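# Output the structure for:
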Amino acid sequence: MPRRTFALGSRPLILYLAFLSAFAPLSTDMYLPALPSMAASLETTDALSSLSISCFLLLFALSMLFWGPYSDRVGRRRVLMLGALLYVVSSVGIALAAGIESLLIWRGVQAVGSGGISAMSLAIVKDVLRGPVMTRVITWIQTITILAPMLAPVVGGLLLTVTSWRGIFVCLALCGLLAGAGSLLLQETLPARSAGGAGRMLQRIAYVLGQRGFSSLLLIFSIVCMPFMAFLAVSSYVYQNLFGVAPQTYSLFFAVNAGMSLLGPLCYGRWFASWPLRRYFALFLGIIALAGVGLLLMGSWHPVVFALLCAPISFCSSAMRPPSTVLMLHQLSTDTGTMTALINSGGLLFGSTSMFLCSLPCWPDGIAAMGGIACLAGLAALAGWLWADGRQIYRRI
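Predicted structure coming up:
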């Protein structure tokens with residue numbers, strides 16, 4: 001990565017980009033331990049306070065569909081500055097909120113600002129890197145990003161020992177200031193800006209989605225996000241309600257699963273990067289489908305059995321993220337911001353859909369919901385990958 005891109009050098013830039021990509025988990029997971037106290041302080045219900053999470057994720061995903069094409073028009077640096085400004089102002093607004101209504105409004109603004117920040121991480125990488133170096137950098141960024149949802153609740157819990165839930169959002173405002181300060185050290189990386197207004201941006205989204213290779217890969221690898229998000233939706237209820245384990249024991253099971261997610265990108269960079277993509281994706285998608293079948297048949301036997309069957313799903317899902325992201329980014333030489341926005345929002349929207357599906361009454365329990373989603377998603381993605389690869393509809397790398 002050229003040193004002139006970032007005033008502090010190449011390695012600090014990689015850490016900065018990983019920090020930008022982690023804004024969503026930081027913004028949602030850091031204050032999870034404070035949700036009960038926040039609801040009590042604002043004299044509202046748990047359901048309304050939980051809306052601050054679900055609404056954030058939806059607006060975050062949708063906002064990136066604006067920020068990506070907009071950055072192709074005005075540049076990455078300007079979007080970073082604007083996103084950081086919205087994030088800081090809204091975080092302060094949340095910290096000062098007197099009621100749940102004003103808090104939810106400011107959370108919506110915070111989600112939009114966060115989308116502008118996060119959407120630029122991959123776009124900047126694609127602007128300045130090519131080949132194996134891009135793959136390595138994306139692998140490290142996504143490895144570091146996986147740590148964010150693991151560490152954010154712990155940090156939030158520690159902050160609650162010295163401050164209230166309002167103090168957590170003040171800390172998030174400081175994160176926004178750090179993102180904005182980093183943008184001042186960044187030189188514009190966009191090689192050529194696109195022209196046109198809002199209509200033109202919508203046309204670019206339609207153009208990118210009209211590229212058969214990219215849209216096929218986007219659909220396949222967005223589906224891959226569904227089983228892991230299903231685990232996030234049901235794991236607490238499965239371990240504590242169905243198996244009757246203590247919250248502290250659940251935390252240990254969750255940490256093991258998170259550790260498997262962390263190992264995925266690391267193992268890809270260490271052992272699997274030289275594998276042919278056709279065999280690599282087919283094997284890992286097949287493992288996810290088989291693990292789903294195992295959950296349906298044996299997942300209710302014991303919490304350890306459930307954990308052992310969830311582990312390969314988390315590992316394989318995260319291990320496919322670096323090569324699938326690089327493969328999708330190579331499908332077009334233009335519209336980088338639009339591509340990265342679609343990649344990020346696609347996975348999040350499909351993952352959120354799986355969380356909704358887990359809540360449907362058709363499942364006998366959370367284990368069946370996760371097993372069914374993992375099996376169907378794994379098989380659908382595998383079929384899609386074999387079809388796309390067999391017809392050679394995407395650009396090889």
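# Three-state assignment for residue 333, please.
Recorded secondary structure, residue 333: coil (DSSP: H, G, I helix; E, B strand; the rest coil).
# do residue 177 as well
helix.
# where's the closest residue to it other than its chain neighbours relative to residue 388, distance?
In space, and not counting its chain neighbours, residue 177 is closest to residue 88: 5.7 Å by CB to CB, 6 or more residues apart in numbering. (C-beta placed from N, C-alpha, C; glycine too.) In this view, residue 88 and residue 388 are 42 Å apart by CB to CB, to the nearest Å.
# What of residue 382?
For residue 382 relative to residue 388 (CB to CB), the value is 11 Å.
# how much space between residue 363 and residue 215?
30 Å.
# repeat for residue 335
From residue 335 to residue 215 the distance is 13 Å (CB to CB).
# Would you mind listing where the stretch 101-250 of the chain has pLDDT under the threshold?
150, 192-200, 247-248 (pLDDT under 70).
# That one: helices as residue ranges?
Along the stretch 101-250 of the chain, counting by DSSP state H, counting those that start in this stretch, helices occupy 131-159, 165-184, 198-209, 212-223, 225-237, 247-267.
# Most tightly packed of these?
helix 225-237 (a mean of 23; mean count of other CB atoms under 10 Å).
# relative to helix 247-267, how tilted is that helix?
160 degrees (axes from the mean of the first three to the mean of the last three CA atoms, to 10 degrees).
# so what does helix 225-237 touch, helix or strand wise?
Counting contacts by 3 or more CB pairs under 8 Å, 6 or more residues apart in numbering; DSSP states H and E, helix 225-237 packs against helix 247-267, helix 303-319, helix 336-358, helix 366-391.
# so which of the ones you listed comes closest to residue 109?
Among the helices and strands packed on helix 225-237, helix 336-358 comes nearest to residue 109, with 17.9 Å by CB to CB.
# now the closest one: mean pLDDT?
The pLDDT scores in helix 336-358 average 84.
# Could you pull out the buried residues of that helix?
336-355, 357-358 (16 or more other CB atoms under 10 Å).
# Packing partners of that helix?
In terms of contacts (3+ CB pairs under 8 Å, 6+ apart), helix 336-358 is packed against helix 46-74, helix 100-128, helix 198-209, helix 212-223, helix 225-237, helix 321-329, helix 366-391.
# mind putting those helices in a markdown table, distance to residue 307 included?
As requested, those are exported to a markdown table (distance: least, CB to CB, whole Å):
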| stretch | distance to residue 307 |
| --- | --- |
| helix 46-74 | 24 |
| helix 100-128 | 30 |
| helix 198-209 | 38 |
| helix 212-223 | 24 |
| helix 225-237 | 9 |
| helix 321-329 | 22 |
| helix 366-391 | 12 |
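# who wins for proximity to residue 274 among these?
helix 321-329 (11.1 Å).
# helices or strands up against that closest one?
In terms of contacts (3+ CB pairs under 8 Å, 6+ apart), helix 321-329 is packed against helix 100-128, helix 131-159, helix 212-223, helix 247-267, helix 277-298, helix 336-358.
# The third one packs against which elements?
Think helix 212-223. When contacts are defined as 3+ CB pairs under 8 Å, 6+ apart, helix 212-223 sits against helix 198-209, helix 321-329, helix 336-358, helix 366-391.
# Over to the second one?
Contacts defined by 3+ CB pairs under 8 Å, 6+ apart place helix 131-159 against helix 10-21, helix 23-29, helix 100-128, helix 165-184, helix 247-267, helix 321-329.
# same thing but at 10 Å, please
Identification of packing neighbours for helix 131-159 by 3 or more CB pairs under 10 Å, 6 or more residues apart in numbering; DSSP states H and E yields helix 10-21, helix 23-29, helix 100-128, helix 165-184, helix 247-267, helix 303-319, helix 321-329.
# got the angle for it vs helix 247-267?
Using the same axes, to 10 degrees: helix 131-159 against helix 247-267 is 160 degrees.
# Quick one: work out the angle between helix 131-159 and helix 100-128.
160 degrees.
# Run the angle between helix 131-159 and helix 165-184 for me.
Using the same axes, to 10 degrees: helix 131-159 against helix 165-184 is 150 degrees.
# gap between the closest residue to residue 182 other than its chain neighbours and residue 364?
Distances taken as CB to CB, 6+ apart put residue 16 closest to residue 182, at 4.8 Å, once the chain neighbours are dropped. Residue 16 sits at a distance of 46 Å from residue 364 (criterion: CB to CB).
# The two: which is more packed in?
residue 16 (22 against 9; other CB atoms under 10 Å).
# residues contacting that one?
Residues near residue 16 by CB atoms under 10 Å, 6 or more residues apart in numbering: 6, 8, 121, 124, 141, 178-179, 181-183, 185-186.
# can you check residue 25 too?
118, 145-153.
# Apply 7 Å and report the result again.
148-149, 152 (CB atoms under 7 Å, 6 or more residues apart in numbering).
# can I see the domain layout of this protein?
Following the assignment in automatic domain parsing, the chain carries domains at 3-193, 209-391.
# how about the ones you listed in TSV, adding distance to residue 202?
Converted to TSV, the domains of the chain look like this (distance: least, CB to CB, whole Å):
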stretch	distance to residue 202
domain 3-193	8
domain 209-391	10
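# So which of the ones you listed is nearest residue 203?
The nearest among these, by CB to CB, is domain 3-193 at 8.9 Å.
# just to revisit the earlier point, contacts made by the helix or strand hosting the residue nearest to residue 177 with the rest, please.
For residue 88, the host element (DSSP states H and E) is helix 76-95. Applying CB under 7 Å, 6+ apart, the contact partners of helix 76-95 are 67, 70-71, 103, 106-107, 109-110, 112-114, 116-117, 120, 123-124, 127, 166, 169-170, 172-173, 176-177, 179-180, 183, 186, 188-190.
# likewise stretch 286-295?
Under CB under 7 Å, 6+ apart, the answer for stretch 286-295 is 227, 309, 312-313, 316-317, 367, 370-372, 374-375, 378-379, 382.
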